[in-house]
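S.K.: Pasted the sequence and its predicted model underneath.
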Amino acid sequence: MPTSISLRRSLAFLVWATLAAPAAAAAQRAAPSAHPSILDDIRYLADDRLGGRLTGSPGADSAAAYLARRFADAGLQPAPGGWFQSFAISPDAPTARAADVGGKSGRNVIGVLPGRDPALRNETLIIGAHYDHLGGGGYGALDAPDSTGRVHNGADDNASGAAALIHIAETLAAAPPGRTVVFIAFSGEELGLFGSAYYVKHPVYPLATTLAMINLDMVGRLRNQRLIVYGTATAREFPALLDSLNTPKRFDLRSQGDGYGPSDQSSFFAARLPVLHLFTDLHADYHRTTDDWQKINEYGEAMVVDFTARLATALGDRPGSLTFVDQAPPQAHGGTAVTAGYGAYLGTIPDMTDNPGGVALSGVRSGSPAEQAGLRAGDIITRIGSHDVPDLQAMTDALREHKAGDVVEIRIRRGADSLAVRATLGTRS
C-alpha cells in the first residue's frame with residue numbers, strides 16, 4: 001500500500017535530519033520549492049554549488065542526500081540496509097588515477113516501493129539512473145583543454161535521469177504494481193559503471209528474483225519526439241510490449257537490441273537480466289560545460305517519465321517472467337562497451353572497478369570470439385599471445401598487434417586456476 005501522507009512527511013524529515021551536516025547545508029542553500037517539478041530537481045542537481053557531482057566529492061554527497069530526501073517525499077522506503085549503499089573506489093581501478101578518485105567512496109541511493117500483490121511482491125523490478133558526473137572536467141570531458149577546472153554540471157547527463165526516478169516513483173506510489181520496485185540512483189557511472197557493478201555483486205534483493213532492469217540515462221533533450229530504447233532484444237516480450245505502450249503513437253520509438261552499452265544497464269545484462277535503456281540521444285553539449293538545466297526539454301522529459309511509469313506498471317503486473325535472450329549483436333556494434341581501441345575484435349566486457357593484475361571481465365558478448373573461446377564473467381586475462389596483459393591499456397595494445405583471423409592463446413586466471421584458451425579474433429568496427 002502507498003505510504004500515508006503523514007508518514008511520508010515524517011520519513012522525509014527523519015532522512016533529512018540524520019544526513020551529514022555538510023550535505024544538508026548545501027541542500028538548504030539550493031533547495032527548490034516545496035513541491036519540486038522535474039525541472040526544479042534537475043536545477044538542484046545541476047547547480048554549480050554541487051561542483052559537477054564527481055564520485056567521492058562533497059557535491060556528489062550533497063546530491064545523494066537530496067535524492068534520499070526526494071525518494072522519501074515520493075513515497076519510497078529506504079532499502080533494508082538504509083538509503084545509501086557505499087562502495088570504495090580502488091586506487092588500482094583503471095580510471096581512478098586519471099580522475100584522482102582512488103581511495104574515495106561512492107554512494108548508491110536506494111529506495112523501495114513494496115509490491116501490492118502477495119503473489120508477486122517478493123520479486124523485484126529495478127529502475128535506475130546514475131547521478132554522478134565529471135566534476136571539474138579533465139577525465140572524460142570533451143571540451144577544449146582550457147575547460148579543465150570549470151564545473152561540468154551534467155544537466156542531461158545525468159541529472160535528467162536521476163530526477164526522472166523521483167517522478168516515476170511518485171507516479172507508481174499512487175498505484176503500486178504487483179512486484180516490488182527498487183529505485184537506484186547510481187554513482188560512479190562515468191568512471192566505468194562502478195555503482196551498478198557494485199550493486200550486481202552486492203544486491204539488496206536477489207538477482208534471481210529480479211525481473212528486469214530499466215535504465216534512464218540522458219532523457220532530458222527529447223527532439224522530434226525521438227526516444228531511443230536499447231536492450232529491446234534482451235527479452236522476447238519487449239518489442240511487442242513497447243509498441244503497445246506507444247499506441248497511439250507518441251514517440252518516434254527507435255529500438256536497439258543490444259543489452260551492452262556505455263551505461264549502467266550493462267552491469268545487469270552481464271548478470272543475464274533483461275534490460276532496457278531509455279535515451280533521448282546525444283547532443284553537442286555532451287560531456288561539456290554547456291550541459292546546463294536551461295537546455296532541458298521539461299515537457300519531453302515528463303513524457304518519458306509517464307512512458308517509463310506505464311512500462312514499469314506493465315512489467316510489475318505481468319503474471320509470468322520474461323524470456324531472457326543473450327543475443328549476438330550486429331558486428332557494427334563491436335566497439336560499444338568492449339575493450340577500447342583499434343585492432344582485432346575479441347568481444348570482452350572489462351570490469352572497470354578494479355585492477356587485479358590483469359583485466360577482469362564482467363562479461364563477454366554473445367557469439368563473440370571471447371565466448372567461443374570459453375571466456376566468461378569473472379575471468380582475469382593476464383596474457384594475449386606474446387603480450388603480457390597487466391592492465392586494460394596493455395590489452396588494447398595486444399589486440400592492436402593482431403588482425404582478424406589470427407588465432408591467439410589467451411592466458412587467464414579463473415578462481416585459483418590458471419588456464420589457457422585459444423581464440424580466433426574477429427573484425428572490430
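M.R.: The structure has been received and is ready for your questions. None of these values were measured; they are calculated from a predicted model.

S.K.: Check the separation of the first and last residues in stretch 38-51.
M.R.: 20 Å (C-alpha to C-alpha, to the nearest Å).

S.K.: Relative to the whole chain's centre, how far out is it?
M.R.: Chain-centre distance of stretch 38-51: 19 Å, with C-alpha atoms, centre = their mean, to the nearest Å.

S.K.: tell me which residues of it are tucked away?
M.R.: 38-47, 50-51 (16 or more other C-beta atoms under 10 Å). Quick note: C-beta positions are derived from backbone N, CA and C, even for glycine.

S.K.: likewise stretch 305-320?
M.R.: 305, 307-313, 315-316, 318.

S.K.: again, but for stretch 145-159
M.R.: Buried residues in stretch 145-159 (16+ other C-beta under 10 Å): 147, 151-159.

S.K.: Quick check, residue 241 in contact with residue 314.
M.R.: Yes - the pair residue 241 / residue 314 is scored as a contact, 6.1 Å apart, by C-beta atoms under 8 Å.

S.K.: Angles on the backbone of the closest residue in space to residue 427 that isn't next to it in sequence, please.
M.R.: Once flanking residues are discounted, residue 427 sits nearest to residue 404: 4.3 Å by C-beta to C-beta, 6 or more residues apart in numbering. Torsion angles at residue 404 (phi, psi; degrees, to the nearest 10) stand at phi -60, psi 140.

S.K.: so how many other residues sit close to residue 303?
M.R.: 18 (other C-beta atoms under 10 Å).

S.K.: swap in residue 417?
M.R.: 7.

S.K.: now the one 4 residues further on
M.R.: Using other C-beta under 10 Å, residue 421 has 17 neighbouring residues.

S.K.: In terms of helices and strands, where is residue 150?
M.R.: Residue 150 is part of no helix or strand, with elements assigned from DSSP states H and E.

S.K.: Surely it and residue 289 touch.
M.R.: Yes - under the criterion of C-beta under 8 Å, residue 150 is in contact with residue 289, at a separation of 5.1 Å.

S.K.: any residues in contact with both of those two?
M.R.: Counting by C-beta atoms under 8 Å, 6 or more residues apart in numbering, the residues touching both residue 150 and residue 289 are 137, 143.

S.K.: can you give me the strands in the stretch 251-400 of the chain?
M.R.: For the stretch 251-400 of the chain, strands defined by DSSP state E, counting those that start in this stretch occupy the ranges 252-256, 275-279, 348-350, 359-364, 380-384, 387-388.

S.K.: What strands line up against the fifth one, and which way round?
M.R.: Yep, that's strand 380-384 we're talking about. Pairing partners of strand 380-384, with direction, according to DSSP bridges: strand 359-364 (antiparallel), strand 387-388 (antiparallel), strand 407-414 (antiparallel).

S.K.: Deepest-packed of those strands, please.
M.R.: Across the strands paired with strand 380-384, averaging neighbours per residue (mean count of other C-beta atoms under 10 Å) puts strand 359-364 on top, at a mean of 24.

S.K.: List of residues touching it?
M.R.: With C-beta under 8 Å, 6+ apart, strand 359-364 has contacts from 197, 260, 266-267, 269-271, 339, 347-351, 354, 370-371, 375-381, 389, 391-392, 395.

S.K.: Recalculate using a threshold of 7 Å.
M.R.: Applying C-beta atoms under 7 Å, 6 or more residues apart in numbering, the contact partners of strand 359-364 are 197, 267, 270, 347-351, 354, 370-371, 375-381, 389, 391-392, 395.

S.K.: Then stretch 415-425?
M.R.: For stretch 415-425, using C-beta under 7 Å, 6+ apart, the contacting residues are 344-346, 369-370, 373-375, 402, 404-412.

S.K.: Would you mind writing the CA trace of that stretch as PDB?
M.R.: Output of stretch 415-425 as PDB, limited to C-alpha atoms (Å, rounded to 0.1, in the frame of the first residue of the first chain):
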ATOM      1  CA  GLY A 415      39.400 -18.500  -9.400                       C
ATOM      2  CA  ALA A 416      42.500 -20.300  -8.100                       C
ATOM      3  CA  ASP A 417      43.200 -21.900 -11.500                       C
ATOM      4  CA  SER A 418      45.500 -20.700 -14.300                       C
ATOM      5  CA  LEU A 419      44.200 -21.600 -17.800                       C
ATOM      6  CA  ALA A 420      44.900 -21.100 -21.400                       C
ATOM      7  CA  VAL A 421      42.300 -20.900 -24.200                       C
ATOM      8  CA  ARG A 422      42.700 -20.300 -27.900                       C
ATOM      9  CA  ALA A 423      40.600 -17.600 -29.700                       C
ATOM     10  CA  THR A 424      40.100 -16.700 -33.300                       C
ATOM     11  CA  LEU A 425      40.000 -12.900 -33.400                       C
END
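
S.K.: for the stretch 201-350 of the chain, what are the low-confidence residue spans?
M.R.: 327-343 (pLDDT under 70).
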